[in-house]
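**Q** I'll drop the sequence and a predicted model, then ask my questions.
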Amino acid sequence: MHIQAGDNELLIRAAEPADDDYILSLAPRWADFDLPKNRKRHVVIEGIRNDLRKHLDGNLAGSFMFIAETDDGEAAGFLHLQLVTDFFSGKQNCHVSDLAVSPGWDGRGVGRALLAHAEAFAREHRCERLTLSVFPGNARGRKLYEAAGYEVDSLRMAKAL
């Protein structure tokens, strides 16, 4: 799927095994902001890498990974979608499990393009909702998601023990 991102046209394609290193290299992007006080940056990054490896290695049902790349083949972002069952309705939802923009591509429309792709994918798969989770300190991500029409559906709270 080709999609416009600012001045750039991006190809959003299914991730391939050759993309694994690129995808894993983005893990620090999911901790590039103020984390909750009970979360350690290195633990968050390693947890994300471990989860991504499981999906990259396991070819898990309902897990779909995409790369946004420029017309010259430069990777500009990554999207991981999962088809899940809604707890309340029992209907199929699509969850944005991971979304990251490559360093140097922030503010150039890549995140919006990946969200548009996620929405098209969810509609194609007849999902009831498109969901995502975001850390409270990720102001840039929250602004992007709110501008795209996302709103708080539930709040997950945690207490460190």
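**A** Cool, the structure landed.
**Q** how much distance is there from the stretch of helix or strand residue 24 belongs to to the middle of the chain?
**A** Applying DSSP states H and E as the criterion places residue 24 in helix 20-25. Averaged C-alpha coordinates place helix 20-25 at 14 Å from its chain's average position (Cα atoms, centre = their mean, to the nearest Å).
**Q** Which secondary structure elements does it sit against?
**A** helix 41-58, strand 63-69, strand 75-85 (3 or more Cβ pairs under 8 Å, 6 or more residues apart in numbering; DSSP states H and E). All C-beta atoms are positioned from the backbone trio N, CA, C, and that covers glycine.
**Q** Turn the ones you listed into TSV, columns for mean neighbour count, distance to residue 161 and mean pLDDT.
**A** Putting the helices and strands packed on helix 20-25 into TSV (neighbours: other Cβ atoms under 10 Å; distance: least, Cβ to Cβ, whole Å; pLDDT from 0 to 100) gives the following:
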stretch	mean neighbour count	distance to residue 161	mean pLDDT
helix 41-58	14	15	94
strand 63-69	20	30	97
strand 75-85	20	27	97
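**Q** okay if I get those as JSON lines plus distance to residue 122?
**A** Formatted as JSON lines, the helices and strands packed on helix 20-25 follow (distance: least, Cβ to Cβ, whole Å):
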{"stretch": "helix 41-58", "distance to residue 122": "18"}
{"stretch": "strand 63-69", "distance to residue 122": "11"}
{"stretch": "strand 75-85", "distance to residue 122": "8"}
